[in-house]
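In: Need a 3D model of the sequence below.
(one chain, ligands or ions: 1)
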Amino acid sequence: MIDTIKLHNIIENSTTNGPDNRFVIWTQGCSLNCDGCFNQSTHDLKGGFDLEITKLAEQINQTSAIRGITLTGGEPLLQSKAISQLLNLIDNTLDILLFSGYTFGEIKADSSKLKILHQVDAALLGRYNKELPHPFYGKKLVLNGNRIKKEELKPWLNTEVIIQGDNVQITGLYKQSV
Ligand code: SF4
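Out: Coordinates of the predicted model:
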């Protein structure tokens, strides 16, 4: 059986989803239902598309001029096994940033999710709180080593428009301060 991962979208080159130029993976499926979530089209656990993990790893490893990958969603840790497999296959010079709605406590209580925390360089954890001025506020930052530095994950407000074939995507963070 070929292992697959359920995805919402991928972008090979983005400068608004973490430090420098990054390959961004939006997984499909989230059951956390944060009030005011700005990515509701990623929630449906049956939506999105399936991609073979080996093919995704190959695409990442062949993408030039990227510093690392960003895992976001949806909720990447709902697919911990697939994410772990993927991370084992990618070029180890790439740094890895994870955004997850799960709290550190919830992750610690689940060995498959905790395994991912050991495989990434940095993670911003916890539910989205629409009352806060920026989506990063209220999150817990976890750093493994120093490939991604704390200063690089200061709240940013940038957007970019990415055109891939017929697909036009606006990405980044553009929440207004309150
Ligand atoms: S964890 Fe992220 S995708 Fe899931 S409901 Fe919360 S903000 Fe939305």
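
In: going forward, measure contacts between C-alpha atoms and count neighbours the same way
Out: OK.

In: Now do the lengthiest strand in the chain: which elements does it pack against?
Out: When the chain is parsed with DSSP state E, its longest strand is strand 4-14. Applying 3 or more C-alpha pairs under 8 Å, 6 or more residues apart in numbering; DSSP states H and E, one finds that strand 4-14 contacts strand 22-27, strand 49-52, helix 53-62, helix 80-89.

In: got the contact list for the first one?
Out: Contacting residues not belonging to strand 22-27 are listed as 5-15, 17, 42, 60, 66-76 [C-alpha atoms under 8 Å, 6 or more residues apart in numbering].

In: What's the PyMOL line that selects buried ones from those?
Out: Of the contacts of strand 22-27, the buried ones can be selected in PyMOL as follows, counting by 16 or more other C-alpha atoms under 10 Å:
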select buried, resi 5+6+7+8+9+11+12+13+14+15+17+42+60+66+67+68+69+70+71+72+73+74+75+76
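
In: so which of the contacts of strand 22-27 are also by the ligand?
Out: Gly73, Gly74, Glu75 (C-alpha under 6 Å from any ligand atom).

In: Give me the subset of these lying in helices.
Out: Per DSSP state H, helices hold no members of these.

In: Serialize the helices and strands packed on strand 4-14 to TSV and add fields for mean pLDDT.
Out: TSV is the format used below for those (pLDDT from 0 to 100):
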stretch	mean pLDDT
strand 22-27	98
strand 49-52	98
helix 53-62	98
helix 80-89	97
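
In: Residue numbers of this protein in contact with the ligand?
Out: Cys30, Leu32, Asn33, Cys34, Cys37, Asn39, Gly73, Gly74, Glu75, Gly101, Arg127, Tyr128.

In: Which member of these is positioned nearest Asn144?
Out: Gly101 (18.6 Å; C-alpha to C-alpha).

In: ok, now which ones touch the closest one?
Out: Going by C-alpha under 8 Å, 6+ apart, the list of residues near Gly101 reads Leu32, Glu75, Leu125, Gly126, Arg127, Tyr128.

In: again, 6 Å this time
Out: Residues near Gly101 by C-alpha atoms under 6 Å, 6 or more residues apart in numbering: Leu125, Gly126, Arg127.

In: Which of those residues are buried, as a ChimeraX select command?
Out: Burial among the contacts of Gly101 is assessed by 16+ other C-alpha under 10 Å; the matching ChimeraX selection reads:
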select :125,126,127
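
In: could I get the contacts of Gly101 as JSON lines with pLDDT, distance to Leu89 and secondary structure?
Out: Below are those laid out as JSON lines (pLDDT from 0 to 100; distance: C-alpha to C-alpha, whole Å; DSSP: H, G, I helix; E, B strand; the rest coil):
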{"residue": "Leu125", "pLDDT": "94", "distance to Leu89": "24", "secondary structure": "strand"}
{"residue": "Gly126", "pLDDT": "95", "distance to Leu89": "27", "secondary structure": "coil"}
{"residue": "Arg127", "pLDDT": "95", "distance to Leu89": "29", "secondary structure": "coil"}
